[in-house]
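In: Show me the folded form of this:
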Amino acid sequence: MSSSAVLPPDDDLRSIAEAMATESRSYLTTVTEVAAGANPEAALPLLLLAVSDLLAVGARLGATTDVVPVERFEPDVGPDPDVEPLRAGLANAFEGIDEYVEVVDPLLGAEVAAATVSGDLVAIAGAVVQGLRHHERGGVLEALWWWQFSYLSDWGERASSTLRTLQVTLAHLRLDVDDDVATEAEYDALQP
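Out: Here you go, the predicted model:
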């Protein structure tokens, strides 16, 4: 165990680390269940909640002063998990609605790029699981450093884009109706 793993972070950092570990586990459970095809009717709402909850804790990381472990290297926590089955399951779950377009950097211009919900969900999972592996080994500062760094450099942006896409998809599914259905509903609403 590295010396930075035994240094106790202050109470605020420990609180953020515990919240991040909890939300990481919850997020990983949700995306795994969606990829497995469990409860497909609830997949979008469940992912909307899981990504939102993870982003809420991530925002705390982004607003916190930089977390810097004493040692300037990341301890090896073993090989990266194989995420290809997760990616394939999510791509299957989002077949037909997986791809979307996003603005690459809204501060630098209007350049757009193609993205996929499944790819983003897996990238987020890979980032949070890396921090979780440090956390579960007692490396709280390493976990915080990793989560904060990866939030600011990648998964925070991926999650924000994905959250918007999930919300827009859900809105289309619930609000887009055939004109005949809308007219009939309006007529019924006006009848005494």
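
In: From now on I want contacts and neighbour counts done on CA atoms only, so please keep to that.
Out: Noted.

In: Give the buried residues for stretch 57-65.
Out: By 16 or more other Cα atoms under 10 Å, the buried positions in stretch 57-65 come out as Val57, Gly58, Leu61, Gly62.

In: just checking, the last one touches Leu152?
Out: Going back to what we said before, that points to Gly62. Yes: using Cα atoms under 8 Å, Gly62 makes contact with Leu152 at a distance of 6.6 Å.

In: Could you pull out the buried residues of the longest helix anywhere in the chain?
Out: Criterion DSSP state H: the longest helix present in the chain is helix 11-35. Using 16+ other Cα under 10 Å as the test for burial, helix 11-35 gives 13, 16-21, 23-28, 30-35.

In: Same check on stretch 41-53?
Out: For stretch 41-53, burial by neighbour count (16+ other Cα under 10 Å) applies to Ala43, Leu44, Leu46, Leu47, Leu48, Ala50, Val51, Ser52, Asp53.

In: from these, which ones fall inside helices?
Out: Counting by DSSP H, the buried residues of stretch 41-53 place Ala43, Leu44, Leu46, Leu47, Leu48, Ala50, Val51, Ser52, Asp53 in helices.

In: Quick check, the last one in contact with Glu23.
Out: Yes: taking contacts as Cα under 8 Å, Asp53 lies within contact range of Glu23: 6.7 Å.

In: In PDB, list the C-alpha atoms belonging to stretch 43-50.
Out: This file holds the C-alpha atoms of stretch 43-50, laid out as PDB (Å, rounded to 0.1, in the frame of the first residue of the first chain):
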ATOM      1  CA  ALA A  43     -33.800   1.400 -19.200                       C
ATOM      2  CA  LEU A  44     -33.900   5.100 -20.200                       C
ATOM      3  CA  PRO A  45     -35.300   6.500 -17.000                       C
ATOM      4  CA  LEU A  46     -32.900   4.300 -14.900                       C
ATOM      5  CA  LEU A  47     -29.900   5.500 -17.000                       C
ATOM      6  CA  LEU A  48     -31.100   9.100 -16.800                       C
ATOM      7  CA  LEU A  49     -31.100   8.800 -13.000                       C
ATOM      8  CA  ALA A  50     -27.800   6.900 -12.800                       C
END
